[in-house]
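*Asks:* here is my input; please provide its structure:
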Amino acid sequence: MTTRRAALLPAFGLLGVLSACGSSTGPSGVTVIVNDGGTGGANGATITITSGGANPRNVTVSVGQTVTFVNNDSRSHEMASDPHPQHGSCPSMEAWLVSLTAGQTKVTHAFANAGTCRFHDHLDDSNAALQGTIIVQ
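*Replies:* Got it, this is the predicted structure:
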């Protein structure tokens, strides 16, 4: 009986993790984007990255829209959703998590539900000028 109970404990732990992953409310009570809406949504906002940071740092889009990131800086950036370094609070951003080289433009996938997606530059995660918020309504 003890062996059987010990074998079930990891399964219950995994069940708890999986149920937490389905939650749409983050630790600060902010609703996060839990679904990737895929490609093809209309552009809702453009965020330009320069040596001075991301501009604008906060945008609002509608469900089903995308956000375009334009790198006008001379160095690469890797815009990702919080928390650093795990990411994952915003699958629409994580779908294309790659280096955004100088002069390159990347479009997120469509945001499938209302919520808040905080982002940062994975390559410079402590730089507040490269952090921001995408609000999906």
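
*Asks:* can you give me the strands in the protein?
*Replies:* 43-50, 53-55, 58-61, 66-71, 79-81, 105-107, 115-121, 132-136 (DSSP state E).

*Asks:* most packed of those?
*Replies:* Each of the strands of the chain was scored by mean neighbour count; the highest is strand 79-81, a mean of 24, by mean count of other C-beta atoms under 10 Å. Bear in mind the C-beta positions are built from the backbone N, C-alpha and C, glycine included.

*Asks:* can you tell me the strand partners of that strand and which way each runs?
*Replies:* strand 115-121 (antiparallel) (DSSP bridges).

*Asks:* got a pLDDT number for the closest residue in space to Leu123 that isn't next to it in sequence?
*Replies:* In this structure, Leu123 finds its nearest non-sequential neighbour in Glu78, 4.9 Å apart by C-beta to C-beta, 6 or more residues apart in numbering. Note on Glu78: pLDDT of 90.

*Asks:* if I read this right, Glu78 contacts His120, doesn't it?
*Replies:* No. Counting by C-beta atoms under 8 Å, Glu78 does not reach His120; the two are 9.3 Å apart.

*Asks:* what's the nearest residue to Ile49 once chain neighbours are set aside in contact with, if anything?
*Replies:* Nearest non-adjacent residue to Ile49, counting by C-beta to C-beta, 6+ apart: Asn71, 4.9 Å away. Going by C-beta atoms under 8 Å, 6 or more residues apart in numbering, Asn71 touches Ile49, His77, Leu100, Thr101, Ala102, Gly103, Gln104, Thr105.

*Asks:* in the sheet, which residues pair with the first one? Tell me.
*Replies:* In this structure, Ile49 has beta-bridge partners Ala54, Asn71, where bridges are defined by DSSP bridges.

*Asks:* distance of it from Ala112?
*Replies:* Ile49 is 25 Å from Ala112, where distance means C-beta to C-beta, to the nearest Å.

*Asks:* with the fourth one instead?
*Replies:* Using C-beta to C-beta, one gets 28 Å for the distance from Thr101 to Ala112.

*Asks:* alright, I will stop here.
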